[in-house]
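Asker: Fold the following, please.
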Amino acid sequence: MKKMRINDAPVLIQVISLGLFFIIPVVCMRKWGDAGELIGFIVGGAIMIWLLTRGTIVEFGKGTVIRCRYAFYMWKIDLKKIDRFSYSIDELIARGGPRSVFSLRFYYKVDDYDEKYVFRKIIDKNDIINFMSGNMEQIELMEIYRYAESIYPEKAEGYVEDRGFFE
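Answerer: The predicted model follows:
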């Protein structure tokens with residue numbers, strides 16, 4: 001079984017960490033006054049940074065289930081239930097200029113609605129050059145894609161152009 005850590009936080013963890021960042025100062029302010037608010041922002045910020053930098057642990061290579069764990073949050077991607085999967089390079093507008101992001105997507109349906117699991121990794125110029133020259137294995141998320149492709153080649157779509165916000 002292959003195990004890797006990717007620096008990507010699920011949306012649920014992002015929401016929880018942001019909520020804690022704003023709730024902890026309010027609780028501390030009610031208990032200790034204005035000084036408590038400052039302490040609350042420091043503690044809330046530290047918790048938020050700790051939650052967002054832990055990374056997702058992905059286990060695959062045995063069976064058709066990809067297991068994912070982020071701190072206390074665990075989920076599984078059952079490849080049997082996935083309709084299709086693909087990867088792309090997306091542009092992300094960020095402070096300091098645009099960034100390129102490698103995205104791996106697993107699509108499935110829930111009550112006739114399209115849903116997806118997404119793993120992302122910020123890549124640099126060298127990764128893009130390797131990608132364009134066919135040496136995509138340097139990007140660690142490609143190992144997950146290749147594993148899923150080896151089990152279900154008919155569900156693999158390969159590279160899909162970034163569709164932007166309306167994907």
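Asker: Can you name the residues in contact with the helix or strand hosting Arg99?
Answerer: Assignment of secondary structure by DSSP states H and E places Arg99 within strand 97-110. Applying CB atoms under 8 Å, 6 or more residues apart in numbering, the external contacts of strand 97-110 come out as 77, 79, 81-93, 114-124, 127-128, 131, 139, 141, 144-145, 148, 160, 162. In this view, the C-beta of every residue, glycine as well, is placed from N, C-alpha and C.
Asker: Can you tell me the strand partners of that strand and which way each runs?
Answerer: strand 84-94 (antiparallel), strand 113-123 (antiparallel) (DSSP bridges).
Asker: Now render the ones you listed as CSV, adding distance to Gln14 and mean neighbour count.
Answerer: CSV is the format used below for the strands paired with strand 97-110 (distance: least, CB to CB, whole Å; neighbours: other CB atoms under 10 Å):
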stretch, distance to Gln14, mean neighbour count
strand 84-94, 15, 15
strand 113-123, 12, 15
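Asker: out of the ones you listed, which comes closest to Ile42?
Answerer: Using CB to CB as the measure, strand 84-94 is the one of the strands paired with strand 97-110 that comes nearest Ile42, at 25.2 Å.
Asker: how distant is that closest one from the center of its chain?
Answerer: A distance of 11 Å separates the C-alpha centroid of strand 84-94 from that of its chain, computed with CA atoms, centre = their mean, to the nearest Å.
Asker: Output it in CSV, but only the C-alpha positions, please.
Answerer: Backbone C-alpha positions of strand 84-94 (Å, rounded to 0.1, in the frame of the first residue of the first chain) are rendered in CSV as follows:
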residue,chain,number,x,y,z
ARG,A,84,-15.0,9.4,-14.4
PHE,A,85,-11.7,11.0,-13.3
SER,A,86,-9.3,13.5,-14.9
TYR,A,87,-6.5,16.0,-14.3
SER,A,88,-5.8,19.5,-15.4
ILE,A,89,-3.6,22.5,-14.9
ASP,A,90,-5.6,25.5,-13.6
GLU,A,91,-4.7,29.1,-13.1
LEU,A,92,-5.2,30.5,-9.6
ILE,A,93,-5.1,34.2,-9.0
ALA,A,94,-3.1,34.9,-5.9
